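Visitor: Using only what follows, build the 3D model:
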Amino acid sequence: MRRNRNVKIVATLGPSSETYDMVRALHVAGADVFRLNMSHGSHDEIREKHRIIREVERDLERPIAILADLQGPKLRVGVFANGAEELEIDAHFRFDLDEAPGDATRVCLPHPEIFAALKPGATLLVNDGKIRVKVDKCGADFADCKVIAGGTISNRKGVNVPDVVLPLAALSEKDRADLEFVCRLGVDWLALSFVQRPEDVIEARELADGRAAILSKIEKPAAVEHFAEILEVSDGIMVARGDLGVELPVQAVPPIQKRLVRLCRAAAKPVIVATQMLESMIESPMPTRAEVSDVATAIYEGTDAIMLSAESAAGKYPVDAVKTMDKVATEVEADPNYRQIIRASRGERQGGVADAIVAAAREIAETTDIKAICCFTQTGTTALMTARERPGVPILAMTNLRSTARQLALSWGCYCVMTAELSRFKQAVVNAVRAARAGGFAGPEDQIVVTAGVPFNMSGTTNILRVAPCDERLIYSTDPG
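Guide: Model (predicted):
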């Protein structure tokens, strides 16, 4: 199932998309990765979604990535005696640890960690930033605040604290249980919420113990501030613009998105742009023009993947939402300006042999009549480095490890092909030619570039490149060794 685009599509599963027929329809329409939101659904429900995805994968014979998105700690106010209260601008309001129902003057905030971190002048945001208060005075068990932006505050609304790094681990007890469950289940990626510092990622990586790749969600100002260190210890990144747009001025989010995407690409690590990309399609069969422009902008920036959340999980038109993303991506990547922008955003070449090999492969492919780049990879690193170059021809990622093929389903331009374990480079060339011909990437008169590492089956050994003809002699070779 060959896509006519390089950027990948992530679709979240939920009540609108949890049957075999719907998951299959979403994949056929263009979904390359399925997201399991651990904030919703029991372990039994998550297990059933996982089973269905793997059944679709088996039936359609294409590697599919599964991303389990951990909930992270949820900061919420307590309850009100009347269910809700109206806060007026300039009114005074207290948050405290008293569990008694709240009123128009106070409410419980059952998170002593917040009070421990607050300082006078800090801002608290309630209900996705609709209510904004500033701390006048605070202590270990209270915060007296002045209402800057008023509105209705009601039971268990979420709280954001953008001005301080909270002494909270990114993994709650629920997250730890969920992490172990999905790792045993066999997901490919773990999305880590509430990341503030690199130590949050390191903790998750130790718990995962190599069973899944770690993707850090950038949704807090502290994560933006410490992004270089977080990127270094992560396998991938999600730019979660929803919470970023709450905790930061909305006008700051687009330049942050652009900067983070470029840094991820330079590091050869996949990046997803997420949240509210086609929000109107939850209810409408057609997106707004602004939403289409938003999706297109992320693609022009060179992101690896774009994501649907409620649009595919709970919306009325999940398949149409995926098809819309697919059409926008296909149109954008056919635009000559797209290639110019991608070339202009290509960073400085790194200094290693493998970096030079993949850069040479891209340059050869773009300056001669090469139809595809076939790279053999164990851990996926060579394919990720090739994808970083954003070549103008398809990337065939050849691997004998299904886990690697599934993880690469998230990466820009990677068409993953399972192959037998190899011991000689000539075997690699033969298998690459066969895969290129079988997938319709090249014909008998065409050539491909093949990269690999010798000795085989060792990480980080990419050191050889060959331009190979796709003629019948290689296709039907009986002695590839």
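Visitor: Which residue ranges of the stretch 51-200 of the chain form helices?
Guide: All helices of the stretch 51-200 of the chain, identified by DSSP state H, counting those that start in this stretch, fall at 112-117, 173-185, 198-208.
Visitor: Minimum distance to P391: which of the ones you listed has it?
Guide: helix 198-208 (29.6 Å; Cβ to Cβ). Where C-beta positions appear, they are placed from N, C-alpha and C, glycine not excepted.
Visitor: same for that closest one, what does it pack against?
Guide: helix 173-185, strand 189-192, strand 213-218, helix 227-233 (3 or more Cβ pairs under 8 Å, 6 or more residues apart in numbering; DSSP states H and E).
Visitor: 6 Å instead?
Guide: strand 213-218, helix 227-233 (3 or more Cβ pairs under 6 Å, 6 or more residues apart in numbering; DSSP states H and E).
Visitor: Can you give me the buried ones in stretch 163-177?
Guide: Across stretch 163-177, burial judged by 16 or more other Cβ atoms under 10 Å covers 163-164, 166, 168-172, 175.
Visitor: Distance check, R51 against T19.
Guide: 12 Å (Cβ to Cβ, to the nearest Å).
Visitor: just K74 next, same as before
Guide: When K74 is compared with T19 (using Cβ to Cβ), they lie 29 Å apart.
Visitor: Is there a neighbour count for the residue nearest to C145 when sequence neighbours are not counted? I'd like the number.
Guide: Residue nearest to C145 in three dimensions, not counting chain neighbours: V133, with 3.8 Å by Cβ to Cβ, 6 or more residues apart in numbering. Using other Cβ atoms under 10 Å, V133 has 25 neighbouring residues.
Visitor: Mind listing the residues bridging to V133?
Guide: L124, V147 (DSSP bridges).
Visitor: if we can go back for a sec, and the helices of the stretch 51-200 of the chain as JSON lines, adding mean pLDDT?
Guide: Shown next, in JSON lines, are the helices of the stretch 51-200 of the chain (pLDDT from 0 to 100):
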{"stretch": "helix 112-117", "mean pLDDT": "94"}
{"stretch": "helix 173-185", "mean pLDDT": "97"}
{"stretch": "helix 198-208", "mean pLDDT": "97"}
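Visitor: can I get those helices in CSV with distance to N6?
Guide: Shown next, in CSV, are the helices of the stretch 51-200 of the chain (distance: least, Cβ to Cβ, whole Å):
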stretch, distance to N6
helix 112-117, 42
helix 173-185, 28
helix 198-208, 27
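Visitor: So which other helices or strands are in contact with the helix or strand that contains N431?
Guide: Here N431, judged by DSSP states H and E, is contained in helix 425-438. Where contact means 3+ Cβ pairs under 6 Å, 6+ apart, helix 425-438 is packed against strand 370-376, strand 447-453, helix 472-475.
Visitor: so which strand or helix has the residue nearest in space to the middle of the chain?
Guide: Note on the chain: the residue nearest the mean C-alpha position is I272, at 3.6 Å, using Cα atoms, centre = their mean. Assigned by DSSP H and E, I272 falls within strand 271-274.
Visitor: can you list the residues that contact the helix or strand following that strand?
Guide: Where DSSP H and E defines the elements, the next helix or strand beyond strand 271-274 is helix 289-300. Contacting residues not belonging to helix 289-300 are listed as 7, 273, 277-278, 306, 328-329, 332, 341 [Cβ atoms under 6 Å, 6 or more residues apart in numbering].
Visitor: Can I get helix 289-300 in CSV, CA atoms only?
Guide: Extracted C-alpha coordinates of helix 289-300, given in CSV (Å, rounded to 0.1, in the frame of the first residue of the first chain):
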residue,chain,number,x,y,z
ARG,A,289,-9.7,27.0,5.0
ALA,A,290,-7.7,28.1,8.1
GLU,A,291,-7.4,24.4,9.2
VAL,A,292,-6.2,23.3,5.8
SER,A,293,-3.6,26.1,5.8
ASP,A,294,-2.5,25.0,9.3
VAL,A,295,-2.0,21.4,8.1
ALA,A,296,-0.2,22.6,5.0
THR,A,297,2.1,24.9,7.0
ALA,A,298,3.3,21.9,9.2
ILE,A,299,4.0,19.9,6.0
TYR,A,300,6.0,22.8,4.4
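Visitor: Quick check: pLDDT value at I475.
Guide: pLDDT recorded at I475 is 60.
Visitor: Next: A420.
Guide: Per the predicted model, pLDDT is 88 at A420.
Visitor: Surely it is within a strand?
Guide: No. Read with DSSP: H, G, I helix; E, B strand; the rest coil, A420 is coil and lies in no strand.
Visitor: That one: how many residues sit nearby?
Guide: The number of residues near A420, taken as other Cβ under 10 Å, comes to 8.
Visitor: repeat for Q251
Guide: Q251: 8 neighbours (other Cβ under 10 Å).
Visitor: and it, helix, strand or coil?
Guide: helix.
Visitor: cool, K327 as well?
Guide: helix.
Visitor: That one: how many residues sit nearby?
Guide: K327 has 15 nearby residues by other Cβ under 10 Å.
Visitor: what about G121, distance to D163?
Guide: 8 Å.
Visitor: rewinding a little: per-residue pLDDT, the residue nearest to C145?
Guide: On pLDDT, V133 comes in at 97.
Visitor: isn't it right up against T123?
Guide: No. With contact defined as Cβ atoms under 6 Å, V133 and T123 do not form a contacting pair (7.2 Å).
Visitor: For D44, see how far away L410 is.
Guide: L410 is 26 Å from D44, by Cβ to Cβ.
Visitor: Compare these two and say which is more crowded by neighbours.
Guide: More neighbours surround L410 than the other of L410 and D44, with 25 against 7 (other Cβ under 10 Å).
Visitor: which secondary structure element contains that one?
Guide: With secondary structure defined by DSSP H and E, L410 is part of neither a helix nor a strand.
Visitor: Number of residues surrounding the spatially closest residue to T19 that is not a sequence neighbour?
Guide: With Cβ to Cβ, 6+ apart as the criterion, T19 has its nearest non-adjacent residue at 7.3 Å, and that residue is I52. Residues lying near I52 (other Cβ under 10 Å) number 20.
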